[in-house]
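Chemist: kindly generate the corresponding structure for this input.
(chains A, B, C and D)
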Protein chains: 2
Amino acid sequence: MWQCQGVKATAAPAGAVRQGSLRELNLALVLGRIAAAPRPPSRAALAAETGLTRATVSAVVEDLVAGRLVTEAEPTPRAGAGRPARGLVLAGDGPAGLGLEINVDYLAACVVDLSGEVRHHVVHRADLRPVSAADALGRLARLAAGARAAADEQGLTLAGAALGVPGLVDAAGQVRLAPNLGWRDVPVPELLASHPPLAEAVDGVPALVVENEANLAALAELHAGAGPDNFLHVSGEVGIGAGIVLDGALYRGSRGWSGEIGHIPVRPDGPPCRCGGRGCLERYAGQEAILSAAGLAGADLPADTAPTRLAQLAEAGEAAALDALHEAGTALGVTVASVVNLLDLDTVVLGGGYAPLTPWLRPPMLAEIDRRVLTAAWSPVTVRPATLGATAAAVGAAGSVVRRIIARPAGWLARVGS
Amino acid sequence: MWQCQGVKATAAPAGAVRQGSLRELNLALVLGRIAAAPRPPSRAALAAETGLTRATVSAVVEDLVAGRLVTEAEPTPRAGAGRPARGLVLAGDGPAGLGLEINVDYLAACVVDLSGEVRHHVVHRADLRPVSAADALGRLARLAAGARAAADEQGLTLAGAALGVPGLVDAAGQVRLAPNLGWRDVPVPELLASHPPLAEAVDGVPALVVENEANLAALAELHAGAGPDNFLHVSGEVGIGAGIVLDGALYRGSRGWSGEIGHIPVRPDGPPCRCGGRGCLERYAGQEAILSAAGLAGADLPADTAPTRLAQLAEAGEAAALDALHEAGTALGVTVASVVNLLDLDTVVLGGGYAPLTPWLRPPMLAEIDRRVLTAAWSPVTVRPATLGATAAAVGAAGSVVRRIIARPAGWLARVGS
DNA sequence: GCCATTTAATTCAACCACTGAACAAATAGC
DNA sequence: GCTATTTGTTCAGTGGTTGAATTAAATGGC
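Modeler: Numbers count the residues shown, from 1 in each chain, chains lettered A, B, ... in the order given. I've put the predicted structure just below:
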């Protein structure tokens, strides 16, 4: 059965620490170091780094290799004397994550292996607003089946799946509200139950995790770059969403509904928003708002090409486009300044449709931030574009699956039976 | 030497997990359960609750008793048959925390024992704005010495100290900016070094932790009530600060400068603020703003009595006061709505000077929140007054010391030498 | 008043995982 | 070929948990 649960991987043992936990923790520790190392580390290097003895590291690595999480690289020739080290790398043929995404104008599926490499990636463009939720999910299931076949072909075992949707998801995986898709109370796990590309829930973790796409995009950014531990990832799609990464972990809020930055009031008495509030950020920096300010209101561009079109116009020095972007950047800056004052972040990442517009959005944003952030004098805030492309959420979704394995390898090892 | 470091107690083992870590983790687990239990639990109950065997729990408890962290309560007579359980309680004569606070118009010191009981509390009222930082800290040191004597007298051992200040504190414990005190770059640890009421840093944790007082007040609220895991604690003092508790832990930000809610813009083009921005919350809901709107601008009330005076006027139906509070509540509501949209919180606690004004601030706040928070329809946001009094920060400071011991008892046990 | 019943806590052999030291393996330099 | 050097494994030793048996201390039925 498909169920849902949060993405955040809690590495810390919550309950009793039995003897086996010791090995579980050290498996996670060693595997985490292997994953984080810039080049394949040797057992000896891992021992020195972690403080464990070489004997223990050897035993732990043996388990990891037996469970197909780690493989030995070719002996790297050493500089100087001594037996050559055998480098350890994440297995390219072990478990993999299936990442799915539903958005207003596309579906995406991808497979990411343990090392974070994208091994399969399909995007299916289609306007999903007129399509029923069941129909959309049916198409998604076909994409998922294709991804599963691709994974099989490459010797990968899918260990789980995560799905990103542009809306609010509750603890059961139900989409409570996805305004831009026109969804309300859509029981996604139930609707997908007839096309299950994966086995049942394993070990407390459901086979499918449904999550807000902004959160997953932020996760993708966290995993991709050797970036900072605390940042805000702002995705400009049709709506505006944000993923919040605090202390190196995605912050989801009590119910997973964090990051609804699009409805933060910029001007409390501003124009009414369809959310019921007034002067929300979306009214100033949402895609519709920017396009109509740039005089492209009726152009009826496909949503995915609108940002590139705007960038072209701005590049050409088109005054209306430049003004529109300046306005949007200012509104974003006011909002982001609030967030930075509140959370003491050092970095803001512009993702989704904002990424290609960064050169024009950044200056007005920084101006507002510098003026309004109390601590900006001591440490400047960086505003930079996302490193991943438009379907970052799908990659983040797949990444969340493999990251959970890296954070808690014992679960996987128990599953393969070792 | 007095040094500084963050307050957040990370219970999770970051590095290698050796054999001793096993015991360390179970010490923390068992002690944590004893601390959280509503009534003294027996060893058997702890075993059932934690999943450890009774043998292990007995061994762990023996260590805790030997280290004077836990004592046995009188055997509670059981209902029904069976040997009566021996209840375990946190020791009332073990380690304790020293909490200090410097604010605009008072100094405070308190001692809190392991169970969170306040065993000593002194408040010294004095306007500290005209006083030099060195002088103020000298007076504080005298209060601290008194607190230490009181602790000794009650058989308590001070295990550490924390100091709350109304400003930005850097990683070294230096106060970078405390606008309402008129402090800038004050090296607090250095200035207090000549009056050390405590031994040196133990075990990586400095003898004195300097922290923003809004953060400490939020911690006090977290420890006091069986409250929610995610909340915002807004302190209305001369400035407006906020402490953010996420997933049951204080969130401090990359540099400990989170919660600067007072300078979140309410109206981006509003009146200029001394921070350099415009239309900051402090201009609408800060103490000065409320007082002048209520027609009490020149009244020159002592800062601590201003809220009670306002409450009296509001109680009496004074129109100017009611209007002023309505305005302030609306501005607070707009800001808090932003925060809730961003962080998905379920509770907002009004502390400091706001606490007695809650009856008048809450209705306009809730009106704005309901209108602007996207998810308010599914789960209402609670706004309630803080349970602690005006000097919550001092209690929170002391509490942070004992909480760290509860989170990592092994450190204390090593210190007392078992 | 005595004994069966019930629950609490301790004792003890077994076991698991880590430690530390000794040892085997594999290379560079002389 | 020999030594120095570093990697990785083997193995006895140890700390800490487990699980079962045992002791402890109460209640309730007869």
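Chemist: three-state assignment of A:Glu190?
Modeler: helix (DSSP: H, G, I helix; E, B strand; the rest coil).
Chemist: burial count for it?
Modeler: Using other Cβ atoms under 10 Å in any protein chain shown, A:Glu190 has 15 neighbouring residues. Any C-beta I mention is one placed from the backbone N, CA and C, and that applies to glycine too.
Chemist: check A:Ala171 too.
Modeler: 12.
Chemist: wait, it sits on A:Trp257?
Modeler: No. Taking contacts as Cβ atoms under 8 Å, A:Ala171 lies outside contact range of A:Trp257: 10.6 Å.
Chemist: quick one: the strands in the stretch 201-350 of chain A, in order.
Modeler: Applying DSSP state E, counting those that start in this stretch to the stretch 201-350 of chain A gives strands spanning A:208-212, A:231-236, A:240-246, A:249-251, A:347-352.
Chemist: want to throw those strands into CSV with distance to chain B and mean neighbour count?
Modeler: Formatted as CSV, these follow (distance: least, Cβ to the nearest Cβ, whole Å; neighbours: other Cβ atoms under 10 Å in any protein chain shown):
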stretch, distance to chain B, mean neighbour count
strand A:208-212, 10, 27
strand A:231-236, 9, 28
strand A:240-246, 6, 27
strand A:249-251, 6, 22
strand A:347-352, 9, 26
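Chemist: so which of those strands gets nearest B:Gly167?
Modeler: Smallest distance to B:Gly167 across those (Cβ to Cβ): 22.5 Å, for strand A:240-246.
Chemist: who are the contact partners of the residue of the stretch 101-250 of chain A found nearest chain B?
Modeler: Of all residues in the stretch 101-250 of chain A, A:Asn230 sits closest to chain B, at 4.8 Å by Cβ to the nearest Cβ. Counting by Cβ atoms under 8 Å, 6 or more residues apart in numbering or on different chains, A:Asn230 touches A:245-247, A:343-347, B:253-254.
Chemist: how much space separates it from A:Gly248?
Modeler: Using Cβ to Cβ, to the nearest Å, one gets 8 Å for the distance from A:Asn230 to A:Gly248.
Chemist: and the residue of the stretch 151-300 of chain A closest to chain B?
Modeler: For the stretch 151-300 of chain A, Cβ to the nearest Cβ, closest residue to chain B: A:Gly253, 2.6 Å.
Chemist: my guess is that residue meets B:Val340, correct?
Modeler: No. Taking contacts as Cβ under 8 Å, A:Gly253 lies outside contact range of B:Val340: 9.2 Å.
Chemist: higher neighbour count, these two?
Modeler: Higher neighbour count among A:Gly253 and B:Val340: B:Val340, with 26 against 21, using other Cβ under 10 Å.
Chemist: just to revisit the earlier point, closest one of the contacts of A:Asn230 to B:Leu25?
Modeler: A:Asp247 (20.4 Å).
Chemist: so what's the residue count around the closest one?
Modeler: 15.
Chemist: ramachandran angles for the closest residue to it other than its chain neighbours?
Modeler: Using Cβ to Cβ, 6 or more residues apart in numbering or on different chains and skipping residues adjacent in sequence, the residue nearest A:Asp247 is A:Asp229, 5.7 Å away. Backbone torsions of A:Asp229, given as degrees, to the nearest 10, read phi -80, psi -30.
Chemist: what's the burial count for A:Asp229?
Modeler: Around A:Asp229 there are 14 other residues, counting by other Cβ under 10 Å.
Chemist: dump the residue contacts of it.
Modeler: Taking Cβ under 8 Å, 6+ apart as the criterion, A:Asp229 is in contact with A:245-248, B:254.
Chemist: kindly indicate which of the residues you listed lies nearest B:Val30.
Modeler: Using Cβ to Cβ, these come closest to B:Val30 at A:Asp247, 26.4 Å.
Chemist: from A:Arg255, how far off is the closest one?
Modeler: 20 Å.
Chemist: and for A:Gly51?
Modeler: 39 Å.
Chemist: as TSV, the contacts of A:Asp229 with distance to B:Gly262 and pLDDT would be great.
Modeler: Shown next, in TSV, are those (distance: Cβ to Cβ, whole Å; pLDDT from 0 to 100):
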residue	distance to B:Gly262	pLDDT
A:Val245	25	96
A:Leu246	21	95
A:Asp247	24	90
A:Gly248	28	90
B:Ser254	19	89
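Chemist: closest one of those residues to DNA strand C?
Modeler: The closest of the contacts of A:Asp229 to DNA strand C turns out to be A:Gly248 (Cβ to the nearest atom of the strand; 23.6 Å).
Chemist: doesn't A:Leu219 make contact with that closest one?
Modeler: No. A:Gly248 is not in contact with A:Leu219 according to Cβ under 8 Å; the separation is 11.1 Å.
Chemist: neighbour count: these two, which is higher?
Modeler: Per other Cβ under 10 Å, whichever of A:Gly248 and A:Leu219 has more neighbours is A:Leu219, with 28 against 10.
Chemist: give me phi/psi at the residue of the stretch 101-250 of chain A closest to chain B?
Modeler: Backbone torsions for A:Asn230, taken as degrees, to the nearest 10, come to phi -130, psi 110.
Chemist: the domain parsing of chain A - what is it?
Modeler: Chain A breaks down into these domains under automatic domain parsing: A:1-9+A:20-73+A:92-225+A:390-418, A:226-385.
Chemist: how about the stretch 51-200 of chain A: which residue is closest to chain B?
Modeler: Closest to chain B within the stretch 51-200 of chain A is A:Gly51: 3.8 Å, counting by Cβ to the nearest Cβ.
Chemist: so what's A:Ala331 closest to, chain neighbours aside?
Modeler: Nearest non-adjacent residue to A:Ala331, counting by Cβ to Cβ, 6+ apart: A:Tyr284, 3.5 Å away.
Chemist: can you tell me the SS state at the nearest residue to A:Ala91 once chain neighbours are set aside?
Modeler: Nearest-residue entry for A:Ala91: A:Thr71, 4.8 Å, with adjacent residues in sequence omitted and distances by Cβ to Cβ, 6+ apart. What three-state DSSP gives for A:Thr71 is strand.
Chemist: can you check A:Ala394 too?
Modeler: Counting by three-state DSSP, the backbone at A:Ala394 sits in helix.
Chemist: for the stretch 251-400 of chain A, what spans make up the helices?
Modeler: Using DSSP state H, counting those that start in this stretch, the helices of the stretch 251-400 of chain A run over A:282-285, A:287-293, A:306-315, A:319-343, A:358-372, A:392-407.
Chemist: in CSV: these, plus mean pLDDT.
Modeler: Shown next, in CSV, are the helices of the stretch 251-400 of chain A (pLDDT from 0 to 100):
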stretch, mean pLDDT
helix A:282-285, 94
helix A:287-293, 92
helix A:306-315, 91
helix A:319-343, 96
helix A:358-372, 96
helix A:392-407, 95
